[in-house]
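Asks: curious how this folds, go ahead:
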Amino acid sequence: VEVGGRESLDVIPMDIQMPRMGGTAAVARIREADRAAGRGRVPVIMLTANTQPEHVEAARLAGADRHLGKPFTLALLFNEIQALLADAPARTPLGRHANA
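Replies: Numbering: from 1, shown residues only. Have a look, this model is predicted:
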């Protein structure tokens, strides 16, 4: 969460189970911080063994863009990241395209 607030990132990979803060809570805090700072939305991909529908939905509601269940191949991860980057608008305030 701290790095996302001060660094320019293209994609944030996130696990649901982490030691200090759960991934779903971390995504929600990242989204809140982005809105408060007027920053554009950085895509978040959940990389997790928690693939039950309630976990997927909770991550989506928190602001995650994709949910990739473990185990996964590097090729699948690469394809998901490419899709996220292709779908992501330029990260300007309020999510406006840079050319708009």
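Asks: tell me the helix or strand right after the helix or strand harbouring residue 34.
Replies: Using DSSP states H and E, residue 34 maps to helix 23-37. Proceeding N to C from helix 23-37, the next assigned helix or strand is strand 44-48, under DSSP H and E.
Asks: run through who's touching the helix or strand just after that next one.
Replies: Going down the chain from strand 44-48, the next helix or strand is helix 53-62, by DSSP H and E. Helix 53-62 is contacted by residues 16, 23, 24, 25, 27, 28, 31, 46, 48, 67 when judged by CB atoms under 8 Å, 6 or more residues apart in numbering. Placement of C-beta: from N, CA and C, glycine included.
Asks: tell me how many other residues surround the fifth one.
Replies: Look at residue 27: counted by other CB atoms under 10 Å, it has 25 neighbours.
Asks: same question, the second one
Replies: The tally of other residues near residue 23 (other CB under 10 Å) stands at 23.
Asks: residue 85 too?
Replies: Quick note: residue 85 (other CB under 10 Å) scores 11 neighbours.
Asks: list the buried residues for the helix or strand containing it?
Replies: Using DSSP H and E, the element containing residue 85 is helix 74-87. For helix 74-87, the neighbour count (16 or more other CB atoms under 10 Å) marks 80, 81, 84 as buried.
Asks: now stretch 25-44 - C-alpha only, PDB.
Replies: Provided in PDB are the C-alpha atoms of stretch 25-44 (Å, rounded to 0.1, in the frame of the first residue of the first chain):
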ATOM      1  CA  ALA A  25      -8.200  -4.500   2.600                       C
ATOM      2  CA  ALA A  26      -5.000  -3.400   0.900                       C
ATOM      3  CA  VAL A  27      -6.700  -3.000  -2.400                       C
ATOM      4  CA  ALA A  28      -9.500  -1.000  -0.800                       C
ATOM      5  CA  ARG A  29      -6.900   1.300   0.900                       C
ATOM      6  CA  ILE A  30      -5.100   1.800  -2.400                       C
ATOM      7  CA  ARG A  31      -8.300   2.800  -4.200                       C
ATOM      8  CA  GLU A  32      -9.200   5.200  -1.300                       C
ATOM      9  CA  ALA A  33      -5.800   6.800  -1.500                       C
ATOM     10  CA  ASP A  34      -6.000   7.100  -5.300                       C
ATOM     11  CA  ARG A  35      -9.300   8.900  -5.000                       C
ATOM     12  CA  ALA A  36      -8.200  11.200  -2.200                       C
ATOM     13  CA  ALA A  37      -5.000  12.100  -4.100                       C
ATOM     14  CA  GLY A  38      -6.800  12.500  -7.500                       C
ATOM     15  CA  ARG A  39      -4.600   9.900  -9.000                       C
ATOM     16  CA  GLY A  40      -5.700   7.600 -11.800                       C
ATOM     17  CA  ARG A  41      -6.500   3.900 -11.200                       C
ATOM     18  CA  VAL A  42      -3.500   1.400 -11.300                       C
ATOM     19  CA  PRO A  43      -4.800  -2.000 -12.300                       C
ATOM     20  CA  VAL A  44      -4.600  -4.700  -9.500                       C
END
